[in-house]
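*Asks:* coordinates only, sequence not included:
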């Protein structure tokens with residue numbers, strides 16, 4: 001079992017920045033990849049970014065490419081999402097996810113085994 005706890009969400013103005021963190025506990029040594037998804041009101045949960053175990057491969061949704069950066073500190077069992085140049089359309093609950101499967105599809109929700117409870121990000125215009 002793996003427990004994921006997100007933090008760092010909040011209210012920010014358009015153009016501002018936030019850094020989300022996701023602390024992992026439990027069988028963290030078995031985690032292969034981690035990712036961030038988000039869900040806006042009335043919309044489905046969508047892929048934001050993902051990173052493999054070593055951090056050598058990262059993936060981003062087109063909507064956040066160039067503005068968001070995913071990273072992980074395996075020594076601290078923590079995943080990060082640095083979000084810059086935020087836009088009102090980035091407003092959503094952001095979820096951290098983890099998978100044990102090295103053959104995962106990084107942008108598919110069903111590929112992830114564990115999920116956090118989410119942290120709210122609100123970008124005001």
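*Replies:* Arrived safely. Everything numeric here is computed off the predicted structure, so don't read it as measured data.

*Asks:* before we move on, which element is the residue positioned nearest the centre of the chain in?
*Replies:* When CA atoms, centre = their mean is applied to the chain, the residue found nearest the centroid is residue 36 (2.1 Å). Assigned by DSSP states H and E, residue 36 belongs to strand 33-39.

*Asks:* Mind giving me the packing neighbours of the following helix or strand past that strand?
*Replies:* Sequence-wise, the next helix or strand downstream of strand 33-39 (DSSP H and E) is strand 46-51. Where contact means 3 or more CB pairs under 8 Å, 6 or more residues apart in numbering; DSSP states H and E, strand 46-51 is packed against strand 33-39, strand 58-60, strand 68-73, strand 78-83. Heads up, the C-betas are built off the backbone N, CA and C, glycines and all.

*Asks:* and the last one, what's its mean pLDDT?
*Replies:* It refers to strand 78-83. Across strand 78-83, pLDDT averages out at 98.

*Asks:* Can you give the strand pairings for it, parallel or anti for each?
*Replies:* Partner strands and pairing direction for strand 78-83 (DSSP bridges) are strand 18-26 (antiparallel), strand 68-73 (antiparallel).

*Asks:* In contact with residue 69: list those residues for me.
*Replies:* Residue 69 sits next to 58, 81-82, 84 when contact means CB atoms under 8 Å, 6 or more residues apart in numbering.

*Asks:* Give the single residue among those positioned nearest to residue 15.
*Replies:* residue 84 (8.7 Å; CB to CB).

*Asks:* Any idea how many residues pack against the nearest residue in space to the closest one that is not next to it in sequence?
*Replies:* Distance criterion CB to CB, 6 or more residues apart in numbering; nearest residue to residue 84, sequence neighbours excluded, is residue 17 at 4.7 Å. If you count neighbours by other CB atoms under 10 Å, residue 17 ends up with 11.

*Asks:* re the thing from before, can you redo the helices and strands packed on strand 46-51 as TSV with distance to residue 123?
*Replies:* TSV is the format used below for those (distance: least, CB to CB, whole Å):
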stretch	distance to residue 123
strand 33-39	12
strand 58-60	18
strand 68-73	13
strand 78-83	9
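
*Asks:* The spatially closest residue to residue 10 that is not a sequence neighbour: what's it in contact with?
*Replies:* Spatially, and ignoring its direct neighbours in sequence, residue 10 is nearest to residue 18 (6.4 Å; CB to CB, 6+ apart). Residue 18 is in contact with 8-10, 12, 83, 86, 121, counting by CB under 8 Å, 6+ apart.
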